[in-house]
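Participant: How does the following fold in three dimensions:
(4 chains)
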There are 4 protein chains.
Amino acid sequence: MSQLSLSDLNAASKADFVAALANIFEHSPWIAERIAGQRPFAGVNQLFAAMTAAVEGAAAELQLALIKAHPDLADKTQRAAGLTADSNAEQHSAGLDRLSDTEYAAFERVNNAYRAKFGIPYIVCVRRHTKDSILRDFEQRLPNDAETETRRSIAEICRIAALRLDQLVAADDRLKVHGRLSTHVLDNHSGKPAPGIAVELVELAALGESRVITRAMTNLDGRTDQPLIGGRPLPIGHYELRFRVGKYYAERGVAMSDPPFLDEIPLRFSIAEPEGHYHVPLLVTPWSYSTYRGS
Amino acid sequence: MSQLSLSDLNAASKADFVAALANIFEHSPWIAERIAGQRPFAGVNQLFAAMTAAVEGAAAELQLALIKAHPDLADKTQRAAGLTADSNAEQHSAGLDRLSDTEYAAFERVNNAYRAKFGIPYIVCVRRHTKDSILRDFEQRLPNDAETETRRSIAEICRIAALRLDQLVAADDRLKVHGRLSTHVLDNHSGKPAPGIAVELVELAALGESRVITRAMTNLDGRTDQPLIGGRPLPIGHYELRFRVGKYYAERGVAMSDPPFLDEIPLRFSIAEPEGHYHVPLLVTPWSYSTYRGS
Amino acid sequence: MSQLSLSDLNAASKADFVAALANIFEHSPWIAERIAGQRPFAGVNQLFAAMTAAVEGAAAELQLALIKAHPDLADKTQRAAGLTADSNAEQHSAGLDRLSDTEYAAFERVNNAYRAKFGIPYIVCVRRHTKDSILRDFEQRLPNDAETETRRSIAEICRIAALRLDQLVAADDRLKVHGRLSTHVLDNHSGKPAPGIAVELVELAALGESRVITRAMTNLDGRTDQPLIGGRPLPIGHYELRFRVGKYYAERGVAMSDPPFLDEIPLRFSIAEPEGHYHVPLLVTPWSYSTYRGS
Amino acid sequence: MSQLSLSDLNAASKADFVAALANIFEHSPWIAERIAGQRPFAGVNQLFAAMTAAVEGAAAELQLALIKAHPDLADKTQRAAGLTADSNAEQHSAGLDRLSDTEYAAFERVNNAYRAKFGIPYIVCVRRHTKDSILRDFEQRLPNDAETETRRSIAEICRIAALRLDQLVAADDRLKVHGRLSTHVLDNHSGKPAPGIAVELVELAALGESRVITRAMTNLDGRTDQPLIGGRPLPIGHYELRFRVGKYYAERGVAMSDPPFLDEIPLRFSIAEPEGHYHVPLLVTPWSYSTYRGS
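Facilitator: Below you'll find the model as predicted:
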């Protein structure tokens, strides 16, 4: 999708402005309409703040309509009937469009329980989650009262909107909606960064299958050229980084046992802050290793 | 099996001595017979050295007969026909009596290749191995020449004999045939050993299924009451130790993210020296950990 | 000093019992006298508990007399006039008999301030302290009220008594009055304990001169044959352990820079629990090291 | 000193060009003269390469004259008589203009021994050294033969020239003559960078007095705003970094012993590559710490 510049949006006719932002909040052009008169916006953060204020200041029925404009998560019937392109891409990002039967059943169960209790669809900013963390979020929110869930739904809708806005609008400033996961391999045996080590990032799944989501090779500085996850929120969930250090030392002729004491090293950790920076380095020798949450 | 004392063996009639040690070397009472006159033995190491010398000094045909007295590994027909109790227990120790079809096929393939090339059964001291390391040993030995494999077979037979002798005979000295795997959890967040942490030792399998072989809980000193593996050789192979540290810190009210950055920590390593001491400690905080081969 | 056995003390005449224990509490045979009738004691802990109970149950004037029976710390006039052998050895243990002029002045100043405020000598169990920690203790206690300081003086007197009793009486049980400081050097470059490393333990002094109090060499297990401090309380204070690792790696032909990145490694730490076990290991490669409070 | 731009040098008259670069090589304008005709230079690296080639291609007598144009190190008589401004600043950088009597005697002894053997002044690129490492360099070079020392003197002269040229000439490219020493404090107790920790960098001296050469405070990312040493070569030598971690944890109310197990942490290391990047981080909790040569 090509981006629009903020200055163009500032200069556009009201109709064009509203049309461009009609779907930042799902099926809800009225939000852009309400703030069109506040133009020009100095930056995308100011634009987003105005939209958020419009939503939070809206009448209860309007907020409820906004909530109800959202589809159920992982609902096949609704998907068949057609979602907005944004919704579709979001659900795809967490794999909600390719659930196993067991997973589908789990989602259906909680969806139904939620709708039965609150009469509204369960809404969560999917791009900040893995399937596991969505199910956990469901369970944590189900005991809430209706008012709490209304507020929470609005908050999640605003998170969704922020990500859509970030994708759509180019400006000098950026919304703080992305996180970053990086690593660094230091070879304490040679006192140097370790290049040429194959790294895999695996998303660990409690319910379904774990899957490799990034494969990379360390460069001369012992880092990967690209972040392991970047340019998007870090999905809340459980992960394992795997490093092929046995091969690295074998190629350098370092004395090791057979089989080597350390071969593939797994570092297992969880992500809790989608907008955070997680640096998970590996300090390693053929006989020892350590890791920590770095910066 | 109740043990015999070395002093009783020293004092026994020659016939009783030979009968007692007849199966230290599979179906080969002649070895005990040859050394009966060297009694008394000052210790079990001296006894074992005498038996080993008798084997190594024996004529080539006799050595060959000794080799051929051994069953094929993991052979169902031979098992059905009956193995010695020792052979049976040894093959059980590495799971060779409960192979999956795929594993069985792999073992049969290499067994046949080995017998076809050398005309003797493939012999290895099974108690020092996992299924994976046996298959690897097979592959490493298959390219050897016949003379090398004869020597190697005799060496493996002596290792088997040492373990049988260690089990059978009680003396003041011990044969050095056992290894030890231990761990220790130090909580660097509180500066104290970490008690009450659930630890699992998993044998990782390349071919078949990984399986938990030890479950333990750390005690007040952060150690397990018993070694994770002890009183036997450490099977050469790949392992993972898993520590439930998330629960440990949660119970102590330590501030953590949700989900906690570290929950279950896996330490993956290989064992290459069955008679060695492997100490694999965990130094941990809610945000970091390290391990090393200790002592 | 030769030890007395508890069984002999239990069997002795009352006069001999009292004479033997007359100086466990400085110049105060009345304490042994009061408990002589409670014999036999099952162990030295029971004996000590009885003496402590006698002191704590004594009339206020008697407690005050006991307190006043103690000399001032580091007082040259009193030392010239003669202290009990025990007092003398205790003051020697912390170097109070060989103060520099500056140190002497510091001690005199606080001694006088204490005596001026409370009318009693300042009492502390010297064997649990360094000069620095005594001066710090002085400063922390000076603001107390008289009642607190009476209780505290009695508590310190009981600690002194426990150490004297531990030295004097041999029994099946031991009083818990000793601590232990140990180290361990693990070479993570080779995956083995590091033997032959020279280790120095230095007591760091804020006021006077730092001094080496132990020199040792690591053995084949990477430990020192004897604890760095053992068989006595660990003096509260600041310490530095120094390890000559550059020489160790140079002797093994390990590739290093010139000069080596790491040569002599200092680990600086403090001791706060005189009866505790402080294990301060060094995990090291030519390019990295770590330490922690172990167990 | 204000810098000259390379383009101005390229455009200057030959006389101006030679005058500007007359002292890049001590008292030796002939070098600039020989290369003036090769202008324009595409960058400072190319300019330096041309000057170096001129020196190395010069006749032996000219090289000798260049060597002899240099003053003795730390020579008071010559300093009184006047050095070039560059020489003066260089000797100041390593403290050679403020030696103690003992140090002065040590320098004089080796200076004399060197001149007696080789008949030339001992030359070293002082900015790459500490006093200790200069004396060590002296001792390592004294056993050399004359030819080796001639080559070595020329090499050191070129290093001196590179640093002078780097200071004098501004261009799009830079000579690789600077190193960098940096640190980073990660608090593994909280899982975050540690801000507000006072850091001292001390140059450890074998002969004279150790001295603090940098004082800094860690910022929000746990780093110092400026490198501990930067914008110059790292002097070869022994260093200690000191971190006030006790205060840091005390301010955060973290439970610690009294006195705290860790208070001021010293990291001791050596620098061997003046043009390298030394990253010496501290990973710390109240009960553990580690460091390594990072990148």
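
Participant: From here on, just use CA atoms for contacts and neighbour counts.
Facilitator: Noted.

Participant: Spell out the residue ranges of the strands in the stretch 1-150 of chain A.
Facilitator: Using DSSP state E, counting those that start in this stretch, the strands assigned to the stretch 1-150 of chain A run over residues A:4-5.

Participant: And the residue of it that's closest to chain D?
Facilitator: Nearest residue of the stretch 1-150 of chain A to chain D (Cα to the nearest Cα) works out as residue A:128 at 21.5 Å.

Participant: residues from chain A in reach of chain C?
Facilitator: Those residues of chain A that sit near chain C, judged by Cα under 8 Å from any Cα of the partner chain, are A:188, A:189, A:190, A:191, A:285, A:286, A:287, A:288.

Participant: Kindly recompute the last result at 10 Å.
Facilitator: A:187-192, A:254-257, A:261, A:283-289 (Cα under 10 Å from any Cα of the partner chain).

Participant: Report whether the helix or strand hosting residue A:203 contacts chain B.
Facilitator: Under the criterion DSSP states H and E, the helix or strand holding residue A:203 is strand A:198-204. No: counting by Cα under 10 Å from any Cα, no contacts exist between strand A:198-204 and chain B, the nearest distance being 12.0 Å.

Participant: State the next helix or strand along the chain beyond that strand.
Facilitator: Note on strand A:198-204: by DSSP H and E, the next helix or strand toward the C-terminus is strand A:211-217.

Participant: Which neighbours in the sheet does that following strand have, and how are they oriented?
Facilitator: According to DSSP bridges, strand A:211-217 has the following sheet partners: strand A:198-204 (antiparallel).

Participant: Surely residue A:11 and residue A:37 touch.
Facilitator: No: judged on Cα atoms under 10 Å, residue A:11 makes no contact with residue A:37 at a distance of 11.4 Å.

Participant: So for the strand holding residue A:203, mean pLDDT?
Facilitator: Throughout strand A:198-204, pLDDT has a mean value of 97.

Participant: do stretch A:39-53 as well
Facilitator: Stretch A:39-53 shows a mean pLDDT of 98 in the predicted model.

Participant: next one: stretch A:179-192
Facilitator: 98.

Participant: how about that stretch, does it reach chain B?
Facilitator: No: counting by Cα under 10 Å from any Cα, chain B has no neighbours in stretch A:179-192; the shortest distance is 12.5 Å.

Participant: just the CA coordinates of the strand holding residue A:203, formatted as CSV?
Facilitator: This file holds the C-alpha atoms of strand A:198-204, laid out as CSV (Å, rounded to 0.1, in the frame of the first residue of the first chain):
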residue,chain,number,x,y,z
ALA,A,198,23.3,-19.6,12.1
VAL,A,199,20.5,-18.2,14.2
GLU,A,200,16.8,-19.3,14.3
LEU,A,201,14.0,-17.6,16.1
VAL,A,202,11.2,-19.9,17.0
GLU,A,203,7.8,-18.9,18.2
LEU,A,204,6.9,-21.5,20.8
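
Participant: Which single helix of chain A contains the most residues?
Facilitator: In chain A, with assignment by DSSP state H, the single longest helix is helix A:146-168.

Participant: by contact count, what packs against it?
Facilitator: strand A:4-5, helix A:14-21, helix A:44-56, helix A:60-68, helix A:85-93, helix A:101-118, helix A:131-141, strand A:229-232 (3 or more Cα pairs under 10 Å, 6 or more residues apart in numbering or on different chains; DSSP states H and E).

Participant: what's near enough to touch the spatially most distant residue from the centre of chain A?
Facilitator: No residue in chain A sits farther from the centre than residue A:255, which is 42.6 Å out by Cα atoms, centre = their mean. Residues touching residue A:255, when contacts are defined by Cα atoms under 10 Å, 6 or more residues apart in numbering or on different chains, comprise A:249, A:286, C:189, C:190.

Participant: nearest to chain D, of these?
Facilitator: Out of the contacts of residue A:255, the member with the shortest distance to chain D (by Cα to the nearest Cα) is residue C:189, at 12.9 Å.

Participant: Surely the closest one is in contact with residue C:252?
Facilitator: No: with contact defined as Cα under 10 Å, residue C:189 and residue C:252 do not form a contacting pair (11.2 Å).

Participant: Neighbour count: those two, which is higher?
Facilitator: Between residue C:189 and residue C:252, counting by other Cα atoms under 10 Å in any protein chain shown, residue C:189 is the more crowded of the two (24 against 8).

Participant: Name the nearest residue to that one, ignoring sequence neighbours.
Facilitator: Ranked by Cα to Cα, 6 or more residues apart in numbering or on different chains and with sequence neighbours excluded, the top spatial neighbour of residue C:189 is residue C:285, at 5.0 Å.

Participant: mind checking how far the one you found is from residue B:136?
Facilitator: When Cα to Cα, to the nearest Å is applied, the distance between residue C:285 and residue B:136 equals 32 Å.

Participant: who's more crowded, those two?
Facilitator: The residue with more neighbours, out of residue C:285 and residue B:136, is residue C:285; 25 against 11, by other Cα under 10 Å.

Participant: Just give me the neighbour total for the residue nearest to residue A:212 when sequence neighbours are not counted.
Facilitator: Residue nearest to residue A:212 in three dimensions, not counting chain neighbours: residue A:202, with 4.2 Å by Cα to Cα, 6+ apart. If you count neighbours by other Cα under 10 Å, residue A:202 ends up with 19.
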